[in-house]
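[1] quick one, fold the following:
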Amino acid sequence: MNFVGIDLAWGERAPSGVAVLDDNGTLVHLSRATTDEQIVEALGDRVAEDCLVGIDAPLVVNNPTGNRPCEAALNHDFARFDAGTHPTNTGKTEFSAGPRGARLATRLRLEIDPVTPSARRAIEVYPHAALVALFGLGRTLKYKQRTNRPFPLLHAEMLRLIALIEGLEHARLPLHVAGSAEWRAVVSGAAAATRKGELRRAEDQLDAVVCAYVAMLAAKRPEGITAYGDPETGRILTPTLPDGLRPAPRKPLTVAAAQAAAAAAASVTALPTVAAEADEAEVDVDILVRESARTYARLQPQVAELAGRLAAWLTTVLDDAGINYQYIASRGKSVASFAAKTAKTVDGQPVYPDPLRDITDQIGARVITYVTSDVAAVAEVVKDQLGVVDDKDLGQATANEGRFGYVSRHLQVSLDPVWLGTLPADLLRVPSAQIQIRTVLQHAWAEFEHDIRYKGTIPQALAPDLNRRFTLAAGLLELADREFEVIRDRMRERMAEVAPEPEADDPRIGNQELAAFLAGHYPEAGWSRDDHYTWISGLLLELGITSLRELAGLLPAVDSAAIAERMGYRYPPGAVRRLDDALLAQFGTRYVELHGNAHRVELLGARLEKLRKDKTPPVG
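    Numbering: from 1, shown residues only. Now for the predicted structure:
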């Protein structure tokens, strides 16, 4: 499938830009054309087969006055970024006979934005909004011709746009323009321009490339596209506005600032150079924030994917270790949060002079446990498996100061292929990822306190009282955490004595009775997650074990001490993990091949090797 972009002039007297991407996102055509016939001729057979054409012009206009619904909806989100649209209606002479975009789509034999996507269709796109969303811009780029914009400003902003487009080479859905001779000619012409008219020749073609890229996004990554309006009254498709993106302060953009922004956009490595000169000249923090955020916005999808992989790895490892936890979440730092951190200064100088390297919580995962002892257990598992470059117990630091407050364990871990997988991380400058570990109560306090202090506005008169109350709540929650630890230990002892009745209509051993049985059989083991008891009950059913009596008759044949020695547990395994290893020792390959173990055959195979290597199997 080809992806076409047309920056369509509303009349046939002004030139339009035409761009074509192949199915791999490579620019294969770039030109200017004026009439519909010239556009059709320029496209040739590139639209003869499957294609999606993004047109920067209205395709459906049937409202007699005012804005179309799609324009009103898009303006609601984008007008604050200077990316609002002009009103379109049939009362305007250029639309009285129908929109040009619709006529052109008909000539190209394209369906106009059908409800059900077809193999050959045209959609309406809008480059200004697309650029804001794609690059996390606080305002639109000022490369468009306006009488009040001096040439140096237009020139700098256009060079910045060129750098941003070329930077999409490294996007999650890459755009390849560097190999195009037509692209190089446009770039050379823009770079060498000395008059506004020379820039105008590049403007339409750059917009056409953006239109084509949006069309490719709409086809290949539709989850990242927002549709404003509907096919009946007009619909505009554009990349979704990033969560938390805020408009830049409204102030005149100087030529010097535009030139600095263009230079920064031309290379990711430009930012450390700016920061390195901090001793000789004050860093322009506004530019640092804007350009770092722009670069980070481009990288953020990869950051989020890496965070997801870290969380998935943690889930596998903690489940295998049998450690109990409430949930594991991933978090790729938002663009807004990244920008806010970049803006922090001390004595006028940025706290993070190279934000893309120095802000180390870009890739994050969070493990929430039930009790404090499990926080330490999770930390031990991570330390055993990954390179930990920093370990901060923020709760202990608070306690050492004689205070109550924020409690959390933060581990900075190296970017390790064990959880990165095949996804390259060399585009990121951040050297590590952050894993936060805390209990449910610690997490509740942290979230509420952050929401009040950082997202709300506390009147100065209330601050002393609220600070006192936050401190009081932190102390009470620390006491509650200790009590929960005692409750769990007492319940574990009691469950070993009293087992509930199983459900008569379920052939599996019930979760509560299995938990009670294992608490008695492995009194030193911790609790496991409720869903893990369900899962291992299913494995027992596959083995034909449907009662605690059968299980109790099986386990004495297994040497638990020998298993523990050979597994070399470095952290207290949960009861389900202990049973899992006992069943592996008893049934060997048969256990590995159970249907319920299909997702972890390799892991179980490695464990089985540990049990068998150079030793008599630990079963009677």
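[2] got the end-to-end distance for stretch 380-394?
    This stretch, stretch 380-394, spans 17 Å end to end (Cα to Cα, to the nearest Å).
[3] for the closest residue to residue 22 other than its chain neighbours, helix, strand, or coil?
    What sits nearest to residue 22 in space, not counting adjacent residues and going by Cβ to Cβ, 6 or more residues apart in numbering, is residue 28, at 5.2 Å. Using the backbone N, CA and C atoms, a C-beta is placed for each residue, glycine as well. Assigned with DSSP: H, G, I helix; E, B strand; the rest coil, residue 28 falls in the strand class.
[4] and residue 28, what does it touch?
    2, 20, 21, 22, 46, 180 (Cβ atoms under 8 Å, 6 or more residues apart in numbering).
[5] these two touch, right, the third one and residue 216?
    Just to be clear, that refers to residue 21. Yes - between residue 21 and residue 216 there is a contact at 5.8 Å, judged by Cβ atoms under 8 Å.
[6] need the residues touching each of the two.
    3, 175.
[7] find the residue at the geometric middle of this protein.
    By Cα atoms, centre = their mean, the chain has its centre lying nearest to residue 304, at 2.7 Å.
[8] wasn't that one part of a helix?
    Yes - counting by three-state DSSP, residue 304 falls inside a helix.
[9] I'd say it and residue 332 touch.
    Yes - counting by Cβ under 8 Å, residue 304 does reach residue 332; the two are 3.0 Å apart.
[10] any idea which helix or strand in the protein has the lowest mean pLDDT?
    helix 270-276 (a mean of 31; mean pLDDT, DSSP states H and E).
[11] quick one on the thing from earlier: quick one: which of the contacts of residue 28 is nearest to residue 446?
    The closest of the contacts of residue 28 to residue 446 turns out to be residue 21 (Cβ to Cβ; 45.4 Å).
[12] mind listing what the closest one touches?
    Counted by Cβ under 8 Å, 6+ apart, residue 21 has contacts 2, 3, 4, 5, 27, 28, 175, 212, 213, 215, 216.
[13] for the stretch 51-200 of the chain, just list every one of the helices.
    Taking DSSP state H, counting those that start in this stretch as the criterion, the stretch 51-200 of the chain carries its helices at 69-78, 100-107, 127-135, 151-167, 181-192, 196-220.
[14] show me what the shortest one is packed up against.
    Looking back up the chat, that one is helix 100-107. helix 36-43, strand 51-55, strand 111-112, strand 120-125 (3 or more Cβ pairs under 8 Å, 6 or more residues apart in numbering; DSSP states H and E).
[15] CA atoms only: put the longest one into PDB for me.
    This points to helix 36-43. Only the C-alpha atoms of helix 36-43 are listed here, as PDB (Å, rounded to 0.1, in the frame of the first residue of the first chain):
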ATOM      1  CA  ASP A  36      -6.000  18.800 -10.600                       C
ATOM      2  CA  GLU A  37      -4.700  17.400 -13.900                       C
ATOM      3  CA  GLN A  38      -1.100  18.100 -12.800                       C
ATOM      4  CA  ILE A  39      -1.700  16.400  -9.400                       C
ATOM      5  CA  VAL A  40      -3.200  13.300 -11.100                       C
ATOM      6  CA  GLU A  41      -0.300  13.200 -13.500                       C
ATOM      7  CA  ALA A  42       2.300  13.600 -10.800                       C
ATOM      8  CA  LEU A  43       0.800  10.700  -8.900                       C
END
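[16] check which helices and strands that helix sits against.
    strand 16-21, strand 27-33, helix 100-107.
[17] out of the ones you listed, which comes closest to residue 130?
    Closest among the helices and strands packed on helix 36-43, using Cβ to Cβ: strand 16-21, at 13.4 Å.
[18] for the closest one, what is the average pLDDT?
    For strand 16-21, mean pLDDT is 96.
[19] got it, and stretch 146-165?
    If you average the pLDDT values across stretch 146-165, you get 87.
[20] in it, what's buried?
    Within stretch 146-165, the residues that qualify as buried are 149, 153-165, counting by 16 or more other Cβ atoms under 10 Å.
[21] quick check, nearest of those to residue 583?
    residue 164 (56.3 Å).
[22] related to what we said a few turns ago, in CSV, list the helices of the stretch 51-200 of the chain along with distance to residue 143.
    Formatted as CSV, the helices of the stretch 51-200 of the chain follow (distance: least, Cβ to Cβ, whole Å):
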stretch, distance to residue 143
helix 69-78, 17
helix 100-107, 23
helix 127-135, 10
helix 151-167, 4
helix 181-192, 9
helix 196-220, 7
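[23] pick the most buried one from these.
    Of all the helices of the stretch 51-200 of the chain, helix 127-135 carries the top mean neighbour count, a mean of 25, counting by mean count of other Cβ atoms under 10 Å.
[24] only alpha carbons, please: show that helix as CSV.
    Only the C-alpha atoms of helix 127-135 are listed here, as CSV (Å, rounded to 0.1, in the frame of the first residue of the first chain):
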residue,chain,number,x,y,z
PRO,A,127,-0.5,19.4,9.4
HIS,A,128,-0.5,22.1,12.0
ALA,A,129,-2.3,19.9,14.5
ALA,A,130,-0.3,16.9,13.5
LEU,A,131,3.0,18.6,14.2
VAL,A,132,1.9,19.7,17.6
ALA,A,133,0.8,16.2,18.5
LEU,A,134,3.7,14.3,16.9
PHE,A,135,6.5,16.5,18.5
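[25] could you check the angle helix 151-167 makes with that helix?
    Following axes from the mean of the first three to the mean of the last three Cα atoms, to 10 degrees, one obtains 60 degrees for the angle between helix 127-135 and helix 151-167.
[26] other residues contacting helix 127-135?
    Applying Cβ under 8 Å, 6+ apart, the set of residues contacting helix 127-135 is 7, 56, 74, 77-78, 81-83, 137, 139-141, 161, 164, 168, 207, 210-211, 213-214, 236, 238-242, 245, 294, 297-298.
[27] tell me which element the closest residue in space to residue 588 that isn't next to it in sequence falls in.
    Spatial nearest neighbour of residue 588, excluding adjacent residues (Cβ to Cβ, 6+ apart): residue 608 at 6.4 Å. Secondary structure from DSSP states H and E places residue 608 in helix 601-612.
[28] perfect, I'm done here.
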